[in-house]
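Asker: sequence-free structure coming up:
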């Protein structure tokens with residue numbers, strides 16, 4: 001007899017005592033279910049966990065966890081007649097075959113082989129029932145997979161946001177400070193030098209260092225403004241609009257804090273929309289509204305410019321649409337030729 005045959009035999013022979021124990025503890029719990037369902041859930045969960053371990057150890061069958069108490073209870077009750085049938089068929093046939101072998105009758109070997117074959121068939125039947133009743137349905141498995149994908153996506157988004165914050169800190173505390181020191185040194189050298197080619201060269205280097213520093217500061221703010229973490233979306237957006245060349249009407253009503261990743265996406269939606277207004281819209285009026293209602297963060301950026309804004313592939317607006325979609329948000333642009341333009345986004349933000 002092959003070694004791998006024994007797990008099926010052991011599984012079938014242990015099925016009856018395991019089922020008897022299950023029924024012995026589940027039936028009393030069902031009797032008190034009219035008072036509270038908690039004892040039934042606890043008992044059924046314990047017996048299901050034991051059966052899962054048994055299937056994994058003997059048959060190498062993994063059964064995912066579910067909370068369907070009725071289906072699990074049905075399996076534990078069905079396991080008793082199935083276990084009794086399996087025990088009788090396998091143990092009885094094997095015992096008969098072994099007895100014949102003791103008396104040197106070759107037909108005994110046939111009976112033992114039949115018992116092993118019956119064990120295989122009954123074990124497979126038991127595995128099918130267990131997957132159907134102890135495991136998830138196809139719809140439940142799909143829901144679980146979707147939930148896992150959502151969790152993984154949220155972790156990826158959070159990790160990317162954390163990496164942006166790390167880069168922002170490194171640039172702010174390292175490269176930016178060194179550029180500040182360089183600009184100060186060049187400024188001092190310019191003052192110390194007399195007029196001439198040398199002073200002109202230092203002056204040019206000083207101006208270039210200040211220009212690079214200004215670009216770096218803008219880049220750092222674009223990565224992840226520190227004020228967003230420290231003081232929230234209202235303060236970050238107030239600082240953003242204060243630095244624009246045209247006046248912006250800003251209304252923010254968010255109450256408490258949203259998740260960091262959501263706040264970052266909201267900030268960058270407004271920032272990119274305002275950048276487009278400054279560069280292309282030729283608008284005289286710009287309004288930004290950010291409101292939290294019913295667990296959703298709704299934001300709009302309106303301008304009375306020339307319109308014609310579209311989300312071109314690879315463009316900034318298309319990138320924003322993708323970032324918003326990554327957290328199950330919605331993103332819309334209304335910008336007919338001649339204007340006006342409205343950029344809208346809605347993001348999940350808790351209740």
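Answerer: Right, received. Where do you want to start? Please read all numbers here as calculations on a predicted model, not as lab measurements.
Asker: mind listing the helices for the stretch 51-200 of the chain?
Answerer: Secondary structure of the stretch 51-200 of the chain (DSSP state H, counting those that start in this stretch): helices located at 69-102, 107-133, 138-170, 176-192, 197-223.
Asker: what of the stretch 201-350 of the chain?
Answerer: Applying DSSP H, counting those that start in this stretch to the stretch 201-350 of the chain gives helices spanning 226-231, 233-242, 260-276, 316-325.
Asker: pull the contacting residues for the residue lying closest to residue 144 once chain neighbours are set aside.
Answerer: Leaving aside its sequence neighbours, residue 144 sits nearest to residue 136 (Cβ to Cβ, 6 or more residues apart in numbering; 6.2 Å). Glycine gets a C-beta too; all of them are placed from N, C-alpha and C. For residue 136, the contact set (Cβ atoms under 8 Å, 6 or more residues apart in numbering) comprises 64, 66, 68, 144.
Asker: please pick the buried ones from those residues.
Answerer: 66, 68 (16 or more other Cβ atoms under 10 Å).
Asker: what's the farthest-apart pair in the contacts of residue 136?
Answerer: 68 and 144 (12.4 Å; Cβ to Cβ).
Asker: for the helix-or-strand element of the chain with minimal mean pLDDT, packing partners?
Answerer: Ranked by mean pLDDT, DSSP states H and E, the weakest helix or strand in the chain is helix 138-170, scoring a mean of 76. For helix 138-170, the elements it packs on are helix 197-223, helix 226-231, helix 260-276, judged by 3 or more Cβ pairs under 8 Å, 6 or more residues apart in numbering; DSSP states H and E.
Asker: so where is the stretch 101-250 of the chain shaky, pLDDT-wise?
Answerer: 104, 218, 220-224 (pLDDT under 70).
Asker: run the last query once more with 90
Answerer: Low-confidence segments of the stretch 101-250 of the chain, defined by pLDDT under 90: 101-109, 111-112, 135-236, 239-248.
Asker: can you give me how far stretch 174-183 is from the chain middle?
Answerer: 39 Å (Cα atoms, centre = their mean, to the nearest Å).
Asker: please apply the same query to stretch 258-277.
Answerer: Per Cα atoms, centre = their mean, the centroid offset for stretch 258-277 relative to its chain is 21 Å.
Asker: and that stretch, which residues are buried?
Answerer: Buried positions in stretch 258-277, judged by neighbour count with 16+ other Cβ under 10 Å: 258-274, 276-277.
Asker: number of nearby residues for residue 10?
Answerer: Using other Cβ atoms under 10 Å, residue 10 is surrounded by 16 other residues.
Asker: next up, the contacts around it.
Answerer: Counting by Cβ under 8 Å, 6+ apart, residue 10 has contacts residue 58.
Asker: now do the phi/psi pair for it.
Answerer: phi -60, psi -40 (degrees, to the nearest 10).
Asker: what does residue 258 give?
Answerer: phi -90, psi 170.
Asker: thought it was touching residue 292?
Answerer: Yes: at 7.4 Å, residue 258 counts as touching residue 292 under the criterion of Cβ atoms under 8 Å.
Asker: overlap of the contact sets of the two?
Answerer: Common contact partners of residue 258 and residue 292 (Cβ under 8 Å, 6+ apart): residue 349.
Asker: how about the least confident helix or strand of the chain: buried residues?
Answerer: In helix 138-170, counting by 16+ other Cβ under 10 Å, buried: 157, 161, 165, 168.
Asker: so which two of these are the farthest from each other?
Answerer: By the measure Cβ to Cβ, 157 and 168 form the most distant pair in the buried residues of helix 138-170, at 16.6 Å.
Asker: for residue 248, see how far away residue 255 is.
Answerer: According to Cβ to Cβ, to the nearest Å, residue 255 and residue 248 sit 22 Å apart.
Asker: neighbours around the closest residue to residue 150 other than its chain neighbours, how many?
Answerer: In this structure, residue 150 finds its nearest non-sequential neighbour in residue 328, 8.0 Å apart by Cβ to Cβ, 6+ apart. For residue 328, the count of nearby residues is 12 (other Cβ under 10 Å).
Asker: got the phi and psi for residue 328?
Answerer: phi 60, psi 30.
Asker: correct me, but it touches residue 348?
Answerer: Yes: using Cβ under 8 Å, residue 328 is in contact with residue 348, at 6.0 Å.
Asker: tell me, how many residues neighbour the nearest residue to residue 210 once chain neighbours are set aside?
Answerer: Closest residue to residue 210 apart from its sequence neighbours, by Cβ to Cβ, 6+ apart: residue 183 at 5.4 Å. Per other Cβ under 10 Å, the neighbour tally for residue 183 reads 19.
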